[in-house]
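Colleague: I'd like to go over a predicted model; first the sequence, then the structure.
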2 protein chains.
Amino acid sequence: MFEAAELGREISKSDYKAQLPDLRAEILQTQFALSKSNRPVIIVISGVDVAGRGDVVNTLNEWLDTRGVETFSFEKTSDEESERPDYWRYWRSLPARGRISVFFGAWYVEPIRNYAYDKIDTANMDDSLGQIRRLEKLMVDDGAIIIKFWLHLSRKEQIKRLKKMEKDPNALRRVSKRDWKHVKLYKRFAAAAERAIRSTDTGDSPWLLVESTNPYYRDLTVGRTVLETIRKQLELDAIASNKNSPETEELPASIQTSNQDITESSPKAALTVLDHVDLKQKLEPKEYRKQLKIYQGKLNRLVWDAYTKKRSTVIVFEGWDAGGKGGALRRITQAMDARLYRVISTAAPTDEEQAHHYLWRFWRQIPRAGHFTIYDRSWYGRVLVERVEGFAQEHEWMRSFLEINNFEESLVNHGTLVLKFWIHISPEEQLRRFEEREKIAYKRHKLTEEDWRNREKWDDYKIAVNDMVARTSTNYAPWTLVAGDDKKFARIQVIKTVCERMEAL
Amino acid sequence: MFEAAELGREISKSDYKAQLPDLRAEILQTQFALSKSNRPVIIVISGVDVAGRGDVVNTLNEWLDTRGVETFSFEKTSDEESERPDYWRYWRSLPARGRISVFFGAWYVEPIRNYAYDKIDTANMDDSLGQIRRLEKLMVDDGAIIIKFWLHLSRKEQIKRLKKMEKDPNALRRVSKRDWKHVKLYKRFAAAAERAIRSTDTGDSPWLLVESTNPYYRDLTVGRTVLETIRKQLELDAIASNKNSPETEELPASIQTSNQDITESSPKAALTVLDHVDLKQKLEPKEYRKQLKIYQGKLNRLVWDAYTKKRSTVIVFEGWDAGGKGGALRRITQAMDARLYRVISTAAPTDEEQAHHYLWRFWRQIPRAGHFTIYDRSWYGRVLVERVEGFAQEHEWMRSFLEINNFEESLVNHGTLVLKFWIHISPEEQLRRFEEREKIAYKRHKLTEEDWRNREKWDDYKIAVNDMVARTSTNYAPWTLVAGDDKKFARIQVIKTVCERMEAL
């Protein structure tokens, strides 16, 4: 999950300064429209230590009209509070309609900290998270707009900042023992945060992971997101009430355009997880053949072993057109007894499938004990093609992240191993392969008009893939991003990963 | 909760037969409209043993066009099923759009049975229920209509039936040892069922408790509810798509009217929990004064004891206008130190309160440790006056049952004692008191135009109170229905209940 927030996204100070005047004007304008509406806004600023939660809250307070916003941290519990149920202090901090409350961490602080410290077990943690979901649902049902940010830093960056703070005599706060203790517990905090984020990342109140190494990128992202989330909701309200409110009419740009505002001038702000896949990696033919033999032999043994132990496996292949999914897939199945696996090619749904929930067709194919189901394209179509092509509406694909995570979790809880591969290639390599397909007769059928159309939407897909990895790469079912420009390298990466994950069980 | 399904509701055979032809025609008509829609329908038939779940399913199959409906029981788990995650078997039974699946118990059977048998603990139970909520939400989000019935029998009636079956050589099934074991575990099954129902009684997929002693009442209620739930959804869809579909246009009666169809001809079908309050109960003045003294003394000691032990108490008073809430309340507060309690009179919300979630104003007043908050009218206004007067929309007050139960549960989990009184009087007694108020100068201000208007809606309020008790009388925060025609009796019943509940802690 957090790999999507360690990409080196940044914006230069000059770009930041250039964007600020417009952004601030738009924020104030939108806040004014909000104040006339019946929607309360809750902004949650969470994240790892020293990622700049305080700076972000200060920035928001600077940009917003302070008469309509209040900030709450819940550092110490007062007598008043501890004598009442846990949530009393949150209830009394909830904003009125038309107003904004900014929460430091809010109801997430305690469960994450206690889980990381091992003070509560998983059942307790999940119970707390269920309570949070109910609270947020209750507020959303009542009209609230909830915007939740997780400010992320890598462990390395966190250490760097703490060291710098220790050296700086003018640092705003002292580095404490607890800070270093948290660094040591980094992995456990990350696991706790992942669990919290995953199970509360609902379509109605989604999380936003914000890479926070570069403060300009961080603050602009938060500011833009706040602006656009509120603006979009007010626009939808205006449409729903069948009239265009004057405030929203005046707003200059659509949401898509605004998003590009940040990124157009600063290419590093638009980095995605795919940009971190090193496509130069390759394997020489000889080495490839040698490794293939080794891993296919190993896989064969592992597959029979899984059969004996009644362990099931689900493998998902996703990737760009002509990325080499089929070839990688076949290198796996070559090593398996045909009775033990099924390959499901996911094309357009049948009538019957169309008549059910989109997950139904995939549930049908779940493997029996000891067997494999390999999905050549999968339920992720919901957040890829259906999103990009507009076949699913935003609220539909947004809520499907949670549905998919729940689905995969129930597989894993049953003892099924879940492996997910995205085979990545560069647009140049894709073009080369398309042209090759056009030339070779027996490959020509593989190339369709649609492939060329999809190619035009490369950037939209990149954003969709990045979101997908951010929201569904879980500790129990992580994504593997495969470097696919060299087919041989990709095939070995895939089969090796399958072997390693099976061995690790 | 189940007290609302032990009222002696019944319909005569002749009334049943008279209603059948129209009902069956309407069901088929609506099912036809459904088959053209994009909504799948899931009907869950749960309930206590020998309440007639099988009979109801058979009846539904008789009334519905069998080409559009399928029935699933999940008695034995097949190999196929046990080798996959738990929910696989439910997923493969889900109906396609336009079709109906009828489930025997469905996903509720195992959690309830295991919890009653003490095979799973509360955390596990809640985990299972959370999974159920997610599954049902996912289906509802996808357009499904979910209708869940709990067929209820009292323990006495259950035993009666089993004995009759034992004597009957032609009984369709044999009474087993397990049946008698379940009778012994009746209370534990009831507690398990209550927990399951309460935490999955969402606005989107609500439960219906059906009193099942009289099979005519039971079957007609199920049939009518299925009919009306589907019809209403299709009507809403037609409105949403801005056109009236021809199928729904033809439907003769609105839902309200249809409900009355069952009950008008059979007054016993319309019984509510309030009809079971014995209003003839009274106390002689001498006895009243004696008991009042005893209980006020006892309460005074209990209140100080609670203060020392830092136990908080919340008391809710609801009831008919002129029911005597104020008098009963004062008999309690007379026994308390003024520093230890606050009385909150709930009138129309202030501007500030209006600008928040409806529960916000009540959260504000939650007592500190060792203190009392007494609400003279309360959050239940949401499902009483707001429902009856149409101030809240149906989807709003429907979802508030769960919100209220969650709210009260968080109070109880914090150690707060929650007491809820409905003071019941007869309409005749109310009229007498209204007229008395008109005569006595210093009481005249208590009577308003609104009181007379509310009085006209007596029957609507009765239904609302019955629903409220059915859905919010929980094991941790039960309702006490007070016989209020004699004020003295009512006051003693209230103060005695407060003492007993405090002593039982």
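Modeller: Noted; the coordinates are in hand. Numbers count the residues shown, from 1 in each chain, chains lettered A, B, ... in the order given.

Colleague: quick one: the helices in the stretch 301-450 of chain A?
Modeller: A:325-333, A:351-354, A:360-363, A:385-388, A:394-413, A:427-439, A:449-456 (DSSP state H, counting those that start in this stretch).

Colleague: Reformat those helices into a markdown table and put distance to chain B and mean neighbour count next to each item.
Modeller: (Each C-beta comes from the backbone N, C-alpha and C, glycine too.) Output for these, formatted as a markdown table (distance: least, C-beta to the nearest C-beta, whole Å; neighbours: other C-beta atoms under 10 Å in any protein chain shown):
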| stretch | distance to chain B | mean neighbour count |
| --- | --- | --- |
| helix A:325-333 | 21 | 19 |
| helix A:351-354 | 6 | 12 |
| helix A:360-363 | 4 | 20 |
| helix A:385-388 | 14 | 20 |
| helix A:394-413 | 5 | 19 |
| helix A:427-439 | 34 | 14 |
| helix A:449-456 | 26 | 12 |
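
Colleague: Lowest average confidence across the ones you listed, which one?
Modeller: Among the helices of the stretch 301-450 of chain A, helix A:351-354 has the lowest mean pLDDT, at a mean of 81.

Colleague: For it, which outside residues touch it?
Modeller: Residues from elsewhere that reach helix A:351-354 (C-beta atoms under 8 Å, 6 or more residues apart in numbering or on different chains): A:W360, A:R361, B:A96.

Colleague: how about a cut-off of 6 Å?
Modeller: A:R361 (C-beta atoms under 6 Å, 6 or more residues apart in numbering or on different chains).

Colleague: Please apply the same query to stretch A:276-284.
Modeller: Looking at what lies outside stretch A:276-284 - C-beta under 6 Å, 6+ apart - the contacts are A:H424, A:S426, A:L481, A:A483, A:D485, A:D486, A:K488, A:F489.

Colleague: buried set for that stretch?
Modeller: Neighbour-count burial for stretch A:276-284, counted by 16 or more other C-beta atoms under 10 Å in any protein chain shown, picks out A:V277, A:L279, A:L283.

Colleague: how close does the first one get to chain B?
Modeller: So the one you mean is A:V277. 32 Å (C-beta to the nearest C-beta, to the nearest Å).

Colleague: for the last one, same thing?
Modeller: Look at A:L283 and chain B: by C-beta to the nearest C-beta, they are 37 Å apart.

Colleague: Wait, a strand at that residue?
Modeller: No: A:L283: not assigned to a strand; according to DSSP: H, G, I helix; E, B strand; the rest coil it is coil.

Colleague: for the strand or helix carrying A:P111, packing partners?
Modeller: Applying DSSP states H and E as the criterion places A:P111 in helix A:109-116. When contacts are defined as 3 or more C-beta pairs under 6 Å, 6 or more residues apart in numbering or on different chains; DSSP states H and E, helix A:109-116 sits against helix A:122-141, helix A:186-200.

Colleague: Could you export that helix as CSV, CA atoms only?
Modeller: Only the C-alpha atoms of helix A:109-116 are listed here, as CSV (Å, rounded to 0.1, in the frame of the first residue of the first chain):
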residue,chain,number,x,y,z
VAL,A,109,-4.7,7.6,16.7
GLU,A,110,-5.6,5.2,19.5
PRO,A,111,-6.4,2.1,17.6
ILE,A,112,-3.2,2.4,15.4
ARG,A,113,-1.0,3.2,18.3
ASN,A,114,-2.4,0.5,20.6
TYR,A,115,-2.2,-2.1,17.8
ALA,A,116,1.4,-1.2,17.0
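
Colleague: So which bits of it are buried?
Modeller: So for helix A:109-116, counting by 16+ other C-beta under 10 Å, buried means A:V109, A:E110, A:P111, A:I112, A:R113, A:N114, A:Y115, A:A116.

Colleague: Walk me through which strands the helix or strand that contains A:F149 pairs with, and which way each runs.
Modeller: If you go by DSSP H and E, A:F149 is part of strand A:145-152. According to DSSP bridges, strand A:145-152 forms sheet pairs with strand A:41-47 (parallel), strand A:207-211 (parallel).
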